[in-house]
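Participant: model this:
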Amino acid sequence: AVYTTMEHANAVAAIAVRVCGGQAMLKHLSLERMYRDSRLGSLMLPWSAEVALERIGKARLYDA
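Facilitator: Below is the predicted model of the structure:
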């Protein structure tokens, strides 16, 4: 769930920025913060995308 949420948040934020254009990246608008947070969320704790994928893989491997 964590990995899927991180990836979808990135995709949705990128689409929103593309729809709104350059104005979306102005600091006083909340879309800039949402885009930045979605990009950084996949790099920061508690899990990065790589750690999430590793845990998913281990769970599938050892549960089978």
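
Participant: Using neighbour counts, pick out the buried residues of stretch 28-46.
Facilitator: For stretch 28-46, burial by neighbour count (16 or more other Cβ atoms under 10 Å) applies to 31-32, 34-35, 38, 41-42. Placement of C-beta: from N, CA and C, glycine included.

Participant: tell me which of those residues is nearest to Ala16?
Facilitator: Nearest to Ala16 among the buried residues of stretch 28-46: Leu31, at 5.9 Å, using Cβ to Cβ.

Participant: For that closest one, give me its contacts.
Facilitator: By Cβ atoms under 8 Å, 6 or more residues apart in numbering, the contact list for Leu31 reads 13, 16-17, 20, 24-25.

Participant: quick one: the strands in this protein?
Facilitator: Counting by DSSP state E, the chain has no strands to list.

Participant: What residues of the longest helix along it count as buried?
Facilitator: Identified as the longest helix of the chain according to DSSP state H is helix 2-20. When neighbours are counted by 16+ other Cβ under 10 Å, the buried residues of helix 2-20 are found to be 3, 6, 9-10, 13, 17.

Participant: Report the rounded mean pLDDT for that helix.
Facilitator: Helix 2-20 shows a mean pLDDT of 82.

Participant: now could you export just the CA positions of that helix as PDB?
Facilitator: Output in PDB follows, covering the C-alpha atoms of helix 2-20 (Å, rounded to 0.1, in the frame of the first residue of the first chain):
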ATOM      1  CA  VAL A   2       2.800   2.400   0.800                       C
ATOM      2  CA  TYR A   3       4.600   1.900  -2.500                       C
ATOM      3  CA  THR A   4       1.300   2.200  -4.500                       C
ATOM      4  CA  THR A   5       0.400   5.400  -2.600                       C
ATOM      5  CA  MET A   6       3.800   7.000  -3.200                       C
ATOM      6  CA  GLU A   7       3.800   6.200  -6.900                       C
ATOM      7  CA  HIS A   8       0.200   7.400  -7.500                       C
ATOM      8  CA  ALA A   9       0.800  10.600  -5.500                       C
ATOM      9  CA  ASN A  10       3.800  11.300  -7.800                       C
ATOM     10  CA  ALA A  11       1.700  10.700 -10.900                       C
ATOM     11  CA  VAL A  12      -1.300  12.700  -9.800                       C
ATOM     12  CA  ALA A  13       0.800  15.700  -8.700                       C
ATOM     13  CA  ALA A  14       2.700  15.600 -12.000                       C
ATOM     14  CA  ILE A  15      -0.600  15.600 -14.000                       C
ATOM     15  CA  ALA A  16      -1.900  18.500 -11.900                       C
ATOM     16  CA  VAL A  17       1.200  20.600 -12.600                       C
ATOM     17  CA  ARG A  18       1.000  19.800 -16.300                       C
ATOM     18  CA  VAL A  19      -2.700  20.800 -16.400                       C
ATOM     19  CA  CYS A  20      -2.100  24.100 -14.500                       C
END
